[in-house]
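J.: missing the sequence, but the structure's below:
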């Protein structure tokens, strides 16, 4: 990473298809984290923010809302693993 | 669980398919709780946060929003139990 | 109900199918309330929270967002009563 | 209306089908208002809340989010008036 | 406009169909603004609120959430311009 | 850009179709940023807001919610890159 730019690794999201619902849930978590990282690419800032964040119930709930939307996308992509 | 890592049990989300809408609702609740747990895997912190959370109307509403999205996913997976 | 556990009545969500859009809207309201109840099963606490909640415009709006998502689910289940 | 109960008029949501997108938008507005009314059925309280609400930018935005979800439902019901 | 009523112009939303994704995005912006206007039809109040609003990062993000939902509707209506 | 108007470049959203999920994620980020820009077209104001924003965990989460919705749209447009 140089300056303010953020170079996306080619490998983090090769596909939305996963073998199981749980792997899909994990992928949705990864997507949610990436979403935050694109807005604040400085990992040291993210680490600093984490305690305040992870110890606040409303922050946790808000994060779980973005995750729910991302999981919805992954589940549809996998035809709900039916 | 060791340190900050969080090992996902293989068993918590074997399928999005449920026998009834109510079981689907229960599954959506489980998904919402897991979503929070992935951000804050320390159960003792979650327990500490719970009173402040569960006694605040806006927190309860926010939680119910994530749940609504998760239930939407589960309902679609089950073709709405039609 | 014993201690912190919350036993779901078998009867509250037998189906997502309703005869009319209005009944579907009523069902979505029930779902939203259940969503809150699962996080705070103590009805006396919910009753205590209600005045602060129902007299705050932003709380009302937030509740209406979860309801909108739940109605979306019910409407899709009923093929929009077309 | 008696005490805390709220009797739904049979007539407010006979169908999700509308002749035009604009009528669909109007219906979504009605749905959003009904959503708020179910949580706070006392119209005099709603009237009291209105000034604080309608003069706060964030409240207006939050309301517009619920509306966006309701319009999404109505638009899908009408097959997007294609 | 007379008093508190708000007369919808017949012309603002004739169709959800647009020639290009960008026109669809513009339409979603229009829909988001209309959504706010229905709650607060007094344009002079909206103008007053604008500085506080447009200079607050969280307000901007909230607005972008309603917009994202509206664009989702428009994109689906246009079969994603595929 | 002249005064308060905001002229949309013809080129920023030619299509929702992308070659890979990652490119789709990038597009969703662009859409989220454009969404904010339409509300506050003054780039110097946006730059001023950025530090407060990017260093606040809740702001980051809120941004990641709009992004999740936009990615959902892009993913559907691409038939989930199946």
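T.: Looks like it came in fine. What you see is a predicted model, and the numbers here were worked out from it, not measured in a lab.

J.: what's around residue A:29, how many residues?
T.: Residue A:29 has 20 neighbouring residues, counting by other Cβ atoms under 10 Å in any protein chain shown. Every residue, glycine included, has its C-beta placed from N, CA and C.

J.: actually residue A:27, not the one I wrote
T.: Counted with other Cβ under 10 Å, residue A:27 comes out at 23.

J.: same deal with residue A:12?
T.: Neighbours of residue A:12 (other Cβ under 10 Å): 15.

J.: Could you do residue A:20 as well?
T.: Look at residue A:20: counted by other Cβ under 10 Å, it has 14 neighbours.

J.: what about it, distance to residue E:23?
T.: Distance of residue A:20 to residue E:23, given as Cβ to Cβ, to the nearest Å: 40 Å.

J.: now do residue A:32
T.: 31 Å.

J.: my read: residue A:18 touches residue A:74, true?
T.: Yes - counting by Cβ atoms under 8 Å, residue A:18 does reach residue A:74; the two are 6.9 Å apart.

J.: Confirm for me that residue A:17 is in contact with residue A:75.
T.: No - when contacts are counted by Cβ under 8 Å, residue A:17 is not listed as touching residue A:75 (11.3 Å).

J.: Overlap of the contact sets of residue A:18 and residue A:74?
T.: A:24, A:27 (Cβ atoms under 8 Å, 6 or more residues apart in numbering or on different chains).

J.: quick one: which of these two has more around it?
T.: residue A:74 (26 against 18).

J.: quick one: contacts for that one?
T.: By Cβ under 8 Å, 6+ apart, the contact set of residue A:74 is A:16, A:18, A:24-25, A:27-28, A:31.

J.: Quick check: the farthest pair among these?
T.: A:16 and A:25 (12.6 Å; Cβ to Cβ).

J.: which stretches of chain A form helices?
T.: Listed in chain order, the helices of chain A (DSSP state H) span A:21-39, A:43-54, A:57-77.

J.: burial count for residue A:79?
T.: So residue A:79, with other Cβ under 10 Å, has 11 neighbours.

J.: Need the pLDDT of it.
T.: At residue A:79, the model reports a pLDDT of 98.

J.: What of residue A:54?
T.: On pLDDT, residue A:54 comes in at 71.

J.: Also residue A:3?
T.: Residue A:3 carries a pLDDT score of 42 in this model.

J.: One more: the one 3 residues further on?
T.: pLDDT, the model's per-residue confidence, is 52 for residue A:6.

J.: Show residues contacting the least confident helix or strand in chain A by mean pLDDT.
T.: Lowest by mean pLDDT, DSSP states H and E among the helices and strands of chain A is helix A:43-54, with a mean of 78. The contact list for helix A:43-54, computed with Cβ under 8 Å, 6+ apart, reads A:36-37, A:40, A:59-60, A:63, B:39-40, B:45, F:54-58, F:60-61.

J.: and the closest residue to residue A:14 other than its chain neighbours, what does it touch?
T.: Using Cβ to Cβ, 6 or more residues apart in numbering or on different chains and skipping the chain neighbours, the partner closest in space to residue A:14 is residue F:21 (7.1 Å). Going by Cβ under 8 Å, 6+ apart, residue F:21 touches A:13-16, F:75, F:78, F:81.

J.: Okay, residue F:21 and residue A:45: tell me how far apart.
T.: From residue F:21 to residue A:45 the distance is 27 Å (Cβ to Cβ).

J.: these two touch, right, residue A:15 and residue F:80?
T.: No - using Cβ under 8 Å as the test, residue A:15 is too far from residue F:80 to be in contact (9.1 Å).

J.: Looking at the two, which one has more neighbours?
T.: A count of neighbours by other Cβ under 10 Å puts residue F:80 above the other of residue A:15 and residue F:80, at 19 against 14.

J.: who's in contact with that one?
T.: Residue F:80 makes contact with A:16-17, A:73, A:76-77 under the criterion Cβ under 8 Å, 6+ apart.

J.: Ignoring the adjacent residues along the chain, who's closest to residue A:64?
T.: Distances taken as Cβ to Cβ, 6+ apart place residue B:35 nearest to residue A:64, at 3.6 Å, with adjacent residues excluded.
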